[in-house]
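Student: My questions concern the predicted model and sequence given below.
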Amino acid sequence: MPLMLSRPTRLKWNQQGRVRDRHTVDWNSYPLSRSILTLFFLTIDVVKSLFEGSLSSVLLCEECGTKRKRTEEFLNVSLSLSEEVARRQSFPGDTKSGDLSVETCLERFVLPEKLGDPVDCPNCRKKTPTQKQHTFGTLPKVLCLHLKRFDAAQNKKIDDYVSFPARGLNMGKYLAQWCEVSRLRSTMGDESLDTEPHINYDLFGTVNHVGNMSSGHYVTNVKVGSKWYKINDAHVTLAGGDGGEETVVKDAGAYILFYARR
Ligand SMILES: [Zn+2]
């Protein structure tokens, strides 16, 4: 599930310092509290201005085509690995599948799925077969992708290598106007758009996990200028030769990826 944050409600405290009202604060009486809360709000504003995007959630009635949409904000996007890994294990000879990649996970993320049970349609006024789909509504300046390596249902960590591009991750094709499902189209894609939209992102940081479900260690790779650095606790080293990019994208255990919009 996407990580959600909403702006905190301002607090009003009485003379004993207790919350009296949920809507205002007597700032002048509590300068320290004011400073702390102002810093808190500023931090949230900075985080939201960088990381916040929105997802469009659509329910599509397969009988009449009525869509019901809902928008929800995200600060990061969690991509499932378990279904793709299971599918590959079931069809090991399927060479068309290519690498298990971030792009594969994103394509699966925006894929419409038919719900198991019929859902009430306000237009048909009955329960009808329904598809559900998530697509991207708006894209953030900094895209944070979380690879779900910890499979709680099976109590195991997914150690499979997941490839990801260092440059030019195109998020445009996952926008609603390009890939939103329609009853009238058997395949996704808006024919009114001549070419696939390109909104490119470049990698500038990763968090990698080494270990298993019960114990492990996190290491980060960060790009500064044209060079990549590996940060392991207090130890900072060059990630590899020739800038380290090749080493970083081949590094095992990528868990969180940070991309900056061009
Ligand atoms: Zn309907």
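Tutor: Sure, I can see it. Residues are numbered from 1 along each chain as shown.

Student: buried sites along stretch 37-54?
Tutor: The neighbour-count check on stretch 37-54 (16 or more other Cβ atoms under 10 Å) flags 37, 51, 52, 53 as buried. Where C-beta positions appear, they are placed from N, C-alpha and C, glycine not excepted.

Student: Helices - which of the residues you listed land there?
Tutor: Judged by DSSP state H, these include 37, 51 as members of helices.

Student: Columns distance to residue 137 and pLDDT on top of the buried residues of stretch 37-54, output as a markdown table?
Tutor: Output for the buried residues of stretch 37-54, formatted as a markdown table (distance: Cβ to Cβ, whole Å; pLDDT from 0 to 100):
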| residue | distance to residue 137 | pLDDT |
| --- | --- | --- |
| 37 | 30 | 80 |
| 51 | 15 | 96 |
| 52 | 11 | 96 |
| 53 | 7 | 97 |
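
Student: quick check, nearest of the buried residues of stretch 37-54 to the ion?
Tutor: residue 53 (29.6 Å; Cβ to the ion).

Student: which residue packs closest to that closest one, ignoring adjacent ones?
Tutor: Among residues not flanking residue 53 along the chain, residue 140 sits closest, at 4.0 Å (Cβ to Cβ, 6 or more residues apart in numbering).

Student: who in the stretch 51-200 of the chain is up against the ion?
Tutor: 61, 63, 64, 66, 121, 123, 124, 128 (Cβ under 5 Å from the ion).

Student: For the residues you listed, pick the one with the most neighbours.
Tutor: The most crowded member of these, judged by other Cβ atoms under 10 Å, is residue 61 (23 neighbours).

Student: Contacts only, for the nearest residue to it once chain neighbours are set aside.
Tutor: Distance criterion Cβ to Cβ, 6+ apart; nearest residue to residue 61, sequence neighbours excluded, is residue 121 at 4.2 Å. Residues in contact with residue 121 (Cβ atoms under 8 Å, 6 or more residues apart in numbering) are 61, 63, 64, 66, 127, 128, 130.
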